[in-house]
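Trainee: Structure here, sequence nowhere to be found:
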């Protein structure tokens, strides 16, 4: 297989794009660096496509390596033929390759291997020849021995060998696999009297070819937990007829023996194996889909616009242990902490109001961030009432605290806040999540953020790798302040390992703030290659060089200076935002001519112009702001047909969950998202979107809210 041509075809790319991209990957460049600073080489491929290409490249290389191992194994067994070699080289999937290798794979002890040890392989071959003049019983007499006492023993052993041969036949397996995938039925039955959340699957069946991926994951979990029995049903007579057509030769006294062996092969060997393969394939596809959904949701969550420039109170609600309070300034620095008890069983509401009011007045607080865990509703009611009474311009938002408790109890949190107990660290984290979601959430295992479906059922290695890639892409697309970033944030920058991130912070603490990007080369273990990869993603606002506070890469500084000179613009003009002459020259001369004069590619030039237009800009600032609230509403206040604004909290295969401010997210089913047909909710919605919804139904007892985005009026 020509791997580059295969990738070229699968991704619909030009040969030069694939060749250059693969060369860049092989040279140890990171995906964010390639996506941002090697656009001319790749044809401006984005980071997501580059990751898919990189993953596919690894898979295809491993596949070719596996082919070589199979060829070596069969050759060493002296069983290689031109036909087998051609089949191996033509195999397109690992399943095809496994089918070809199956007859040659070393096997554990089987009924067939036992029969072969008894010397019955010759009888099996004689029966398979299906000579019209050969009587099976007569053939069997020649194979009687101390180990094979009767004719039936001999025939049974021969049938066992034939059954294994039929099972190992690649052509038959391929035919049956295709037929069962196309026409088989997934059958689900309850394994217990009480099925709980799996009640809908008590008696459930649907075609293998049509089962939704989220249902695959649901029934898998139900089966794993012992609530469900799951299997695939397919007409055995139809399946065996296919095998008869492959392995029988008209009328022969041996045909009945072959048919009996085929029936046994299908029931005992082939169907259970193909059933497992198909279910594994369905699971792999469902896992892959869910990991993509989880990754995209995580991307949108991390890229939520920060609420900047506001002193914030973080409230980590609780009943018995009270609500933990942390006041943080505009930069996330902790100013004060405390504990209040506005919820049952204490309900010290007046005391709580005094404490929070004092914090508000002392630190000019304008924002409350409320965790959405235990006692959140009561805390939200308390906050909304206090905001009314204070009569100040204070807003609040209920913040997901998924993963906050894990972070608070971690060594990382202990090192960051050694003076605070675990609960107070959570309150700080909740406040900071609103101020800068990306900087705070990178401290948490992406799997704990809670914006996927069935994430605990996913293959954790693949999920972890996918989410790490998402976090890396988000961090590098936003950029990181070299003088304020935590080690965790720095370790997500392209080319920077955890050890180097720690060294950067140590250097900063020892020598003071960085005053230029070039100082990075003085950091221990940060060599030229790491500098090349990371420099463009790090910002130094304090630098005298204006380019150090942009995404312009140091390798392009000379080109950027040349551009300013051509446009008669100074670095001071850029700092002050006086860029009229720059944009005018860019429009007048044109990107192509300017790029040629500067000796750089057009994509690089356009990126430089964009960066110099807004030095130090945060791309998240251009996104819709989070929806902040002043007042509260409960589920009991909802009425059918009521119109509300909400924030999309999670997008899954069958719909989206929307926060409408009643402390219970409502579900917009995929059928209620839009009037046009969509395959997946992500075609229309993403986490963080502010949407208009209408209430379809409310079940207070079950805490279920059904919403629609289709205007009923």
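Mentor: Okay, I see it. This is a predicted model, so every value here is computed, not measured.

Trainee: rest of the way, CA atoms for contacts and neighbours
Mentor: Will do.

Trainee: residue boundaries of the helices in the stretch 201-350 of the chain?
Mentor: 213-224, 236-247, 255-264, 271-302, 349-363 (DSSP state H, counting those that start in this stretch).

Trainee: and the residue nearest to residue 516 when sequence neighbours are not counted, what are its phi and psi?
Mentor: Setting aside the residues directly before and after it, residue 516 is nearest to residue 543 in space (CA to CA, 6 or more residues apart in numbering), at 5.1 Å. Main-chain dihedrals, residue 543, degrees, to the nearest 10: phi -70, psi 150.

Trainee: Would you mind measuring from residue 543 to residue 616?
Mentor: 12 Å (CA to CA, to the nearest Å).

Trainee: Neighbour count: those two, which is higher?
Mentor: Each of residue 543 and residue 616 has its neighbours counted (other CA atoms under 10 Å); residue 616 has more, 21 against 15.

Trainee: surely that one meets residue 541?
Mentor: Yes. The pair residue 616 / residue 541 is scored as a contact, 7.4 Å apart, by CA atoms under 8 Å.

Trainee: Near residue 654, how many other residues are there?
Mentor: Using other CA under 10 Å, residue 654 has 17 neighbouring residues.

Trainee: Next one, pLDDT for residue 250 please.
Mentor: We have a pLDDT of 78 for residue 250.

Trainee: With the one 3 residues further on instead?
Mentor: Looking at residue 253, its pLDDT stands at 94.

Trainee: Then the one 10 residues further on?
Mentor: Listed pLDDT for residue 263 reads 97.

Trainee: In space, what's closest to residue 424 - neighbours in sequence excluded?
Mentor: Using CA to CA, 6+ apart, the closest residue to residue 424 is residue 324 (5.8 Å).

Trainee: need the contact list for the one you found.
Mentor: Residue 324 is in contact with 315-318, 337-340, 423-424, 427, counting by CA atoms under 8 Å, 6 or more residues apart in numbering.

Trainee: any idea which of the residues you listed is closest to residue 60?
Mentor: Nearest to residue 60 among these is residue 427, at 47.0 Å by CA to CA.

Trainee: Distance-wise, check the closest one relative to residue 312.
Mentor: Separation of residue 427 from residue 312 (CA to CA): 11 Å.

Trainee: Mind listing what's buried along the lowest-mean-pLDDT helix or strand in the chain?
Mentor: Lowest on mean pLDDT, DSSP states H and E among the helices and strands of the chain sits helix 404-408, with a mean of 77. Within helix 404-408, the residues that count as buried by 16 or more other CA atoms under 10 Å are 404-405, 407-408.

Trainee: same thing with stretch 217-232?
Mentor: Under the neighbour-count criterion of 16+ other CA under 10 Å, stretch 217-232 has 217-223, 227-230, 232 buried.

Trainee: now those as JSON lines including distance to residue 438?
Mentor: Below are the buried residues of stretch 217-232 laid out as JSON lines (distance: CA to CA, whole Å):
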{"residue": "217", "distance to residue 438": "29"}
{"residue": "218", "distance to residue 438": "31"}
{"residue": "219", "distance to residue 438": "34"}
{"residue": "220", "distance to residue 438": "33"}
{"residue": "221", "distance to residue 438": "32"}
{"residue": "222", "distance to residue 438": "35"}
{"residue": "223", "distance to residue 438": "37"}
{"residue": "227", "distance to residue 438": "39"}
{"residue": "228", "distance to residue 438": "40"}
{"residue": "229", "distance to residue 438": "42"}
{"residue": "230", "distance to residue 438": "41"}
{"residue": "232", "distance to residue 438": "44"}
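
Trainee: Between those, which sits nearest residue 657?
Mentor: Closest approach between the buried residues of stretch 217-232 and residue 657, by CA to CA: residue 218, at 17.9 Å.

Trainee: list the contacts for that closest one?
Mentor: Going by CA under 8 Å, 6+ apart, the list of residues near residue 218 is empty.

Trainee: With distance to residue 558 as added columns, please give the helices of the stretch 201-350 of the chain in TSV.
Mentor: Formatted as TSV, the helices of the stretch 201-350 of the chain follow (distance: least, CA to CA, whole Å):
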stretch	distance to residue 558
helix 213-224	52
helix 236-247	70
helix 255-264	75
helix 271-302	34
helix 349-363	46
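
Trainee: And these: which comes nearest residue 612?
Mentor: Nearest to residue 612, of all the helices of the stretch 201-350 of the chain, is helix 271-302, at 25.1 Å by CA to CA.

Trainee: Could you name every residue contacting both of residue 543 and residue 616?
Mentor: residue 549.

Trainee: Using PyMOL, define a selection of the buried residues within the contacts of residue 324.
Mentor: Buried residues among these (16+ other CA under 10 Å), as a PyMOL selection:
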select buried, resi 315+316+317+318+337+338+339+340+423+424+427
